[in-house]
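Visitor: next input, structure requested:
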Amino acid sequence: MTFDRLPQGSWVLVTGATGLVGSVVVELLLEKGFRVRGVGRSATRAAQFTEHLKVKYGVSSYEFAEVQDFTVSEAFDVALQGVAGVLHIATETNFDILGSDTDGALIAASAAVLGLMKAAARTNTVKSFVLTSSSITAMGTAMLQYGPDAQFSTENWEDDLIPMAKSLSSDAGFAKSGITYAATKVYAEREAWKFWNETKPGYAFNTVLPVTIFGPVANPTKGAIYSTHTWLNELFLGDRDGIIMKFMNPAKAMVDSRDCAVIHVAALLSTEVDGQRLWASAHFFTANQILAVWRKAFPDRAIGPDFDFPAHPKTEITDLDKSTKLLESSLARAGTLSRRVSSPMSQAFSELPPVLTQDC
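Guide: Okay, the predicted model is just below:
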């Protein structure tokens, strides 16, 4: 498998560049010899990461562009100048809207995706576009409840999440926000594929479906919230009732942030996976398995007792082969970011604990 769609030295635009996945993607691209233009809503919040990258990789290797409203397509025009590849990782996560205005959330999520896709289509330079979607678009509420054993593939589309979100009242609290978020991912990805198939812009297109993401953050900025990384760290520090438990009861699939980054960059650079949905997933895990790993890794630390959960349903992703092949490729093995020998997804979990020894 080759990864030569874009020549080294090309500019790649990465939205959500300061986040859990985005920061690792940025570092991987820079290590591979690409130049990166990160995009986010606040240059001030990104300043420490920007300085870190300029010192490490050179002042001409990384730029940051502030785009405050992702739903305005023209807002990306300047940031896209000279760009050859786009990794659209950022997502709309305004929980006030998610919990109260489903239609507004759907419109905003779609506009934030289509705006950048349309802006990229207006250029004559963008050759590849990768969108971060979510595994929930193919797994749906089976991820959220105990039920029968199940199998999933990228052929699955959980369109029922959209009417389900609309049917819930704002009084439903986190359930309303969570289901609406899932619905926005389905709706936005559906709209993205529709746009790409109907307009045939001059770039290749792929989507990546990550499961629960654990592992290191490349952004050294303290005090920021790095979603599942931060929430898992809260469990490590003793909070057994935090939001991360919604990702562990019942058991979910996980992926290491570095492997998730490889899938994104490989989809951007390889011509062998054009026009496909790609999993970023390893095996399914339980909260008690994480506690056991922590007890072994940190024998002097008091780790709480096992959780008393019901038996977890057996679930399987049936078409991981394409993604695993990308992880076993030269793109993954050649990198130095993780200072490890790249492994198939099934081994990613073993590298989780050491990154969770400090407050995030």
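
Visitor: CA atoms only for stretch 244-256, dumped as CSV, please.
Guide: Extracted C-alpha coordinates of stretch 244-256, given in CSV (Å, rounded to 0.1, in the frame of the first residue of the first chain):
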residue,chain,number,x,y,z
ILE,A,244,-17.1,8.4,31.1
MET,A,245,-19.3,5.7,32.7
LYS,A,246,-21.8,6.3,30.0
PHE,A,247,-19.2,5.0,27.6
MET,A,248,-18.5,1.9,29.7
ASN,A,249,-21.9,0.6,30.8
PRO,A,250,-22.4,-1.4,28.7
ALA,A,251,-19.0,-2.1,27.2
LYS,A,252,-17.9,-0.2,24.2
ALA,A,253,-15.2,-0.5,21.5
MET,A,254,-12.1,1.7,21.9
VAL,A,255,-9.2,2.9,19.8
ASP,A,256,-5.9,4.5,20.7
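
Visitor: mean confidence score for that stretch?
Guide: In this model, stretch 244-256 carries a mean pLDDT of 83.

Visitor: one more: stretch 138-151?
Guide: Stretch 138-151 shows a mean pLDDT of 82.

Visitor: all strands for the stretch 251-360 of the chain, in order.
Guide: Taking DSSP state E, counting those that start in this stretch, the strands of the stretch 251-360 of the chain run over residues 252-256, 277-280, 284-285, 315-317.

Visitor: correct me if wrong: L320 contacts S281.
Guide: Yes. Assessed by CB atoms under 8 Å, L320 is found in contact with S281 at 6.4 Å. All C-beta spots, glycine's among them, are computed from the backbone N, C-alpha and C.

Visitor: between those two, who's got more neighbours?
Guide: Legend: neighbour count by other CB atoms under 10 Å for L320 and S281, higher for S281 (28 against 22).

Visitor: for the strands of the stretch 251-360 of the chain, which one sits closest to F205?
Guide: strand 277-280 (10.4 Å; CB to CB).

Visitor: tell me the contacts of the closest residue to R5 other than its chain neighbours?
Guide: Closest residue to R5 apart from its sequence neighbours, by CB to CB, 6 or more residues apart in numbering: L269 at 5.0 Å. L269 makes contact with 3-6, 85, 128, 331 under the criterion CB atoms under 8 Å, 6 or more residues apart in numbering.

Visitor: try it again at 7 Å.
Guide: 3-6 (CB atoms under 7 Å, 6 or more residues apart in numbering).

Visitor: from those, pick the one nearest E189.
Guide: R5 (21.7 Å).

Visitor: list the contacts of that closest one.
Guide: When contacts are taken as CB under 7 Å, 6+ apart, R5 is in contact with 127-128, 269-271.

Visitor: backbone dihedrals for it, please?
Guide: The phi/psi pair for R5 (degrees, to the nearest 10) reads phi -60, psi -40.

Visitor: off-centre distance for the helix ranked longest in the chain?
Guide: Assignment by DSSP state H gives helix 174-199 as the longest helix of the chain. Centroid separation between helix 174-199 and its chain, computed with CA atoms, centre = their mean, to the nearest Å, is 15 Å.

Visitor: which other helices and strands contact it?
Guide: Counting by 3 or more CB pairs under 7 Å, 6 or more residues apart in numbering; DSSP states H and E, the packing neighbours recorded for helix 174-199 are helix 95-98, helix 102-122, helix 136-139, helix 161-167, strand 204-210.

Visitor: of the contacts of R5, just the buried ones, PyMOL syntax please.
Guide: With 16 or more other CB atoms under 10 Å as the criterion, this PyMOL line picks the buried residues out of the contacts of R5:
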select buried, resi 127+128+269+270
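
Visitor: next one: I89 from V55, what distance?
Guide: For I89, the distance to V55 (CB to CB, to the nearest Å) stands at 23 Å.

Visitor: try A218
Guide: A218 is 14 Å from V55, by CB to CB.

Visitor: which one of the two has more residues nearby?
Guide: Between A218 and V55, A218 has the larger neighbour count (other CB under 10 Å), namely 25 against 9.

Visitor: skipping adjacent residues, who's closest to that one in space?
Guide: Nearest to A218 is S23, by CB to CB, 6+ apart, at 3.9 Å.

Visitor: let me know the angle separating whichever helix or strand the one you found is part of from strand 204-210.
Guide: Following DSSP states H and E, one finds S23 within helix 20-31. Interaxial angle, helix 20-31 versus strand 204-210 (axes from the mean of the first three to the mean of the last three CA atoms, to 10 degrees): 130 degrees.

Visitor: what's the residue nearest to A218 in contact with, if anything?
Guide: Counting by CB under 7 Å, 6+ apart, S23 has contacts 17, 49, 217-219.

Visitor: please report how far it lies from V36.
Guide: S23 is 11 Å from V36, by CB to CB.

Visitor: pLDDT below threshold where in the stretch 201-350 of the chain?
Guide: 330, 332-350 (pLDDT under 70).

Visitor: what about the helices in it?
Guide: With helices called from DSSP state H, counting those that start in this stretch, the stretch 201-350 of the chain shows them at 227-236, 257-269, 287-297, 321-327, 330-333.

Visitor: now the second one: buried residues?
Guide: What that stands for is helix 257-269. 257-269.

Visitor: next, format the residues you listed as CSV and append distance to K166.
Guide: Formatted as CSV, the buried residues of helix 257-269 follow (distance: CB to CB, whole Å):
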residue, distance to K166
S257, 33
R258, 37
D259, 35
C260, 30
A261, 34
V262, 36
I263, 32
H264, 31
V265, 36
A266, 36
A267, 32
L268, 34
L269, 39
